[in-house]
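Peer 1: structure for the following, please:
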Amino acid sequence: QLILELKMIADVGLIGLPNAGKSSFLAAVSNARPEIADYRFTTLRPYLGVADIRGKSILIADIPGLIEGASKGKGLGDDFLKHVSRCQILLHLIDINNSDLERDYKIIRAELEAYSKQLAKKPEIVALTKCDTTTKEDIANKTIFFKKVLAKSTELHIISAYAKTGIEDLLLDLVKN
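Peer 2: Below is the predicted model:
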């Protein structure tokens, strides 16, 4: 008996809690058309898209939302962590409207660490999403606080897939890494 396992290979793996804006981001930067809706676990399988920026292309994998316990098989978790482990860089998306950004960030980081020390060491860029749905003052306050949570070397972007705010700078950082 032979068991074959296919692991996607992509330049960028989109990670985050359910409904963080991963599918919206992929749809905004590529021709991919993942299902997008305002409820948890809209994405049930990975989607791939190619983003072009200044003559360069990057393959992006939209991974279904991870939850606490994903590394132990809870939700859709460990199957999709396998896909993430084959990506070169992680783009961690967090909904700026969530009440505890630090907790949201640490849940996903803990799942990466629990699944694989090597996966947890992959380069990561963090983006606070849905910035079109809040005030500039709220964005500034949350950004100041959240930067204290991140390692100094971690890039932080403020984006809106809907308004296409901050997308180009983020793509340029992804290509650079």
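Peer 1: can you map out the strands along this structure?
Peer 2: For the chain, strands defined by DSSP state E occupy the ranges 12-15, 47-53, 56-62, 89-95, 124-129, 155-158.
Peer 1: and the angle for the fourth one with strand 124-129?
Peer 2: Here strand 89-95 runs at 20 degrees with respect to strand 124-129, directions being taken by axes from the mean of the first three to the mean of the last three CA atoms, to 10 degrees.
Peer 1: next: the second one.
Peer 2: If you take the same axes, to 10 degrees, strand 47-53 sits at 90 degrees to strand 124-129.
Peer 1: can you list contacts of strand 47-53?
Peer 2: 8, 10, 23, 26-27, 29-32, 34, 57-62, 168, 171-172, 174-175 (CB atoms under 8 Å, 6 or more residues apart in numbering). Where you see a C-beta, it was placed from the backbone N, CA and C, and this is true even at glycine.
Peer 1: which of those are buried? Put it as a PyMOL command.
Peer 2: In PyMOL, this line selects whichever of the contacts of strand 47-53 come out buried by 16 or more other CB atoms under 10 Å:
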select buried, resi 8+10+23+26+27+29+30+32+34+58+59+60+61+62+171+174+175
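Peer 1: narrow the contacts of strand 47-53 to those in helices?
Peer 2: 23, 26-27, 29, 168, 171-172, 174-175 (DSSP state H).
Peer 1: mind checking which helix or strand of this protein has the lowest mean pLDDT?
Peer 2: Ranked by mean pLDDT, DSSP states H and E, the helix or strand of the chain with the weakest confidence is helix 77-84, at a mean of 61.
Peer 1: what residue in the chain is the furthest from its centre?
Peer 2: Distance from the C-alpha centroid of the chain, by CA atoms, centre = their mean, peaks at Gln1 (36.3 Å).
Peer 1: residues contacting that residue?
Peer 2: Gln1 neighbours (CB under 8 Å, 6+ apart): none.
Peer 1: any idea how many residues pack against Ala151?
Peer 2: Counted by other CB atoms under 10 Å, the residues lying close to Ala151 total 7.
Peer 1: could you measure from it over to Ile15?
Peer 2: Ala151 sits 16 Å away from Ile15, taking CB to CB, to the nearest Å as the criterion.
Peer 1: equivalent analysis for Arg109, please.
Peer 2: From Arg109 to Ile15 the distance is 10 Å (CB to CB).
Peer 1: so Leu171 sits right up against Ala28, yeah?
Peer 2: No - between Leu171 and Ala28 there is no contact, the gap being 10.1 Å when judged by CB atoms under 8 Å.
Peer 1: can you tell me the closest non-neighbouring residue to Thr129?
Peer 2: Closest residue to Thr129 apart from its sequence neighbours, by CB to CB, 6 or more residues apart in numbering: Gly21 at 3.6 Å.
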